[in-house]
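In: can't give you the sequence, but here's the structure:
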């Protein structure tokens with residue numbers, strides 16, 4: 001985030017209106033919601049985790065134990081179980 005002086009780029013009428021509310025302070029102006037990417041969307045992390053989760057679920061369905069999944073993926077038992085439940089629910093909702 002960089003600092004910009006409002007008088008260098010804001011129209012004078014807008015600058016004057018803003019000065020009625022705040023003067024000499026820093027103001028953060030957030031990006032438009034539609035331009036903001038979700039977590040992991042830009043670098044592909046989200047897709048990698050979704051792929052890993054589908055793999056965990058498929059292995060579990062094929063008889064691999066939770067303990068084996070813990071050891072293979074280096075995740076806690078709670079995380080493995082959450083992934084299984086969440087992925088199962090997603091698969092069931094897609095099938096409907």
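Out: Nice, thanks for sending it over. Being a predicted model, the structure only gives us computed values, none of them experimental. Numbers count the residues shown, from 1 in each chain.

In: Pretty sure residue 38 sits against residue 46.
Out: Yes - between residue 38 and residue 46 there is a contact under Cβ atoms under 8 Å: 7.0 Å. (Glycine included, C-beta is placed from N, CA and C.)

In: These two: which has the busier surroundings?
Out: Neighbours per residue (other Cβ atoms under 10 Å) separate residue 38 from residue 46, with residue 46 holding more: 14 against 7.

In: so which strand or helix has that one?
Out: Taking DSSP states H and E as the definition, residue 46 sits inside helix 45-61.

In: Same check on residue 82?
Out: Secondary structure assignment for residue 82, by DSSP H and E: helix 77-95.

In: buried sites along that helix?
Out: Neighbour counts over helix 77-95 (16 or more other Cβ atoms under 10 Å) mark 80, 83, 84, 87 as buried.

In: distance between the ends of stretch 18-33?
Out: Criterion Cα to Cα, to the nearest Å; first-to-last residue distance in stretch 18-33 is 22 Å.
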